[in-house]
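> need coordinates for the following:
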Amino acid sequence: MDIANSKHGVPIRLPHERWTHITEGHPEMAGFYYDVLSTIDEPVKIVEGSSSEKLAIKRLNRNQYVCVVYKELSNKDGFV
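This next block holds a predicted model:
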């Protein structure tokens, strides 16, 4: 499990089982593990979701963006 820090300083967990779940549903994401973590750390934009989740967005190159959905459970814990 790796951890990235949100803009609010909350540690956001990316457990291996969650990464497996993500890449099974979105196989095109398989090579973007560290991009997902860096998107949480340094997003270009953060959008509030409808169920208190956050969507962190980062541009990787001219034609490619990553959007990571995560939840901050408290000021000390969150998860993808």
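
> where does Ile12 fall, phi/psi-wise?
For Ile12, the backbone dihedrals are phi -110, psi 120 (criterion: degrees, to the nearest 10).

> my read: it touches Asn5, true?
Yes. At 7.0 Å, Ile12 counts as touching Asn5 under the criterion of Cβ atoms under 8 Å. C-betas here are computed from N, CA, C, even on glycine.

> who has more neighbours out of those two?
With other Cβ atoms under 10 Å as the criterion, Ile12 and Asn5 differ in neighbour count, and Ile12 comes out ahead with 24 against 14.

> any idea which element Tyr70 lies in?
Assigned by DSSP states H and E, Tyr70 belongs to strand 64-74.

> for that strand, which helices and strands make contact with it?
helix 33-41, strand 54-61, strand 77-79 (3 or more Cβ pairs under 8 Å, 6 or more residues apart in numbering; DSSP states H and E).

> so which of these gets nearest Val47?
Proximity of these to Val47 was assessed by Cβ to Cβ; the nearest stretch is strand 54-61, lying at 4.4 Å.

> tell me how far the nearest residue to Asp35 once chain neighbours are set aside lies from Val44.
With Cβ to Cβ, 6 or more residues apart in numbering as the measure, Val66 is the residue that lies nearest to Asp35, at 5.3 Å, once sequence neighbours are left out. In this view, Val66 and Val44 are 10 Å apart by Cβ to Cβ, to the nearest Å.

> higher neighbour count, these two?
Taking Val66 and Val44 together and counting by other Cβ under 10 Å, Val66 has the greater number of neighbours (18 against 11).

> what is the more buried one paired to in the beta sheet?
Beta bridges link Val66 to Lys58 when assigned by DSSP bridges.

> just say helix, strand or coil for Glu24.
In three-state terms, and counting by DSSP: H, G, I helix; E, B strand; the rest coil, Glu24 is helix.

> how many neighbours does it have?
Neighbour count of Glu24, defined by other Cβ under 10 Å: 10.

> poorly predicted segments of the chain, please.
Under the criterion of pLDDT under 70, none of the chain is flagged as low confidence.

> which positions within stretch 4-12 qualify as buried?
Of the residues in stretch 4-12, those buried under the neighbour-count criterion (16 or more other Cβ atoms under 10 Å) are 4, 6, 10, 12.
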